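Visitor: Sequence unavailable; structure follows:
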């Protein structure tokens, strides 16, 4: 009888859930990103620096974001306050950005080779009704970085390059850019995207130079310039199809019949 009671409770519980399920049309969100260990540099001299927002390398002293600097850096710009995002919106909602300050460096300097980018996204249903704040979704992205020769010409880089050899930024695990969750009868799919079209599939030759697998995803940056990749996300909602109450009742009845049949066989 316990099995029948369990099925009956399931059937009864499913009716109000189906009736009250409402699509969340707007979310309040806050995104945060930071550099995490391990951060690895090549052998060489000069000076390296690591904070939660900035990884920099090159000559000792000076600033990476001034013209003619002899330091380069990857800098994260964060969100200052929560914002709102609409479900099934065409345009993504903006989160954090990463800027590569690509300055001309001596070949003797230690340069960045790899790092971990940690990103968290906190969501809260905002409309048509305010709901609970969900635990942050935390993702770790393995970053490969290749500081190329500043003296080689574009023809000798080994991959297509704009000027002197572009530096190469690669995200090793792009599949993590898509995640989903279920809330109040709907499945929501969150897709992290890059809005400036900087983050793309790189050529096999560029991937090889960066010691990354073929069809790697990342961006190339031109020497002497700063390149910003602006990230954001979209969220899509889809109603979950559940059996109707009548179907659940039939299922309970069928399970009861199977249980009684099994009991008769046991008695014989």
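Guide: Thanks, I have it. Computed from a predicted model, the values in this text were never measured in an experiment. Numbers count the residues shown, from 1 in each chain.
Visitor: Reduced to three states, what does the closest residue in space to residue 164 that isn't next to it in sequence come out as?
Guide: The shortest distance from residue 164 to any non-neighbouring residue, by Cβ to Cβ, 6 or more residues apart in numbering, is to residue 223 (4.8 Å). C-beta here means a position set from N, CA and C on the backbone, and glycine is covered the same way. Of the three states, residue 223 takes coil according to DSSP: H, G, I helix; E, B strand; the rest coil.
Visitor: Which residue is the nearest non-sequential neighbour of residue 113?
Guide: Using Cβ to Cβ, 6+ apart, the closest residue to residue 113 is residue 40 (5.0 Å).
Visitor: Mind telling me what element that neighbour is part of?
Guide: Secondary-structure element containing residue 40, defined by DSSP states H and E: strand 26-41.
Visitor: And that strand, what's buried?
Guide: The neighbour-count check on strand 26-41 (16 or more other Cβ atoms under 10 Å) flags 26, 27, 28, 29, 30, 31, 32, 33, 35, 39, 41 as buried.
Visitor: from memory the last one sits against residue 112, does it?
Guide: Yes - here residue 41 reaches residue 112: they are 5.8 Å apart, a contact under Cβ atoms under 8 Å.
Visitor: Need the residues touching each of these two.
Guide: Common neighbours of residue 41 and residue 112 are listed as 48, 57 (criterion: Cβ atoms under 8 Å, 6 or more residues apart in numbering).
Visitor: what is the rounded mean pLDDT of the strand holding residue 40?
Guide: On average, the pLDDT along strand 26-41 is 96.
Visitor: any low-confidence regions in the stretch 51-200 of the chain?
Guide: 151-154 (pLDDT under 70).
Visitor: Mind jotting down where the strands sit in it?
Guide: 54-58, 71-77, 83-86, 93-102, 112-127, 137-146, 167-171, 178-183, 186-194, 200-201 (DSSP state E, counting those that start in this stretch).
Visitor: Check the spacing between residue 128 and residue 26 real quick.
Guide: 8 Å (Cβ to Cβ, to the nearest Å).
Visitor: Also residue 83?
Guide: Residue 83 is 11 Å from residue 26, by Cβ to Cβ.
Visitor: cool, residue 140 as well?
Guide: Distance from residue 140 to residue 26, by Cβ to Cβ: 28 Å.
Visitor: same deal with residue 51?
Guide: 34 Å.
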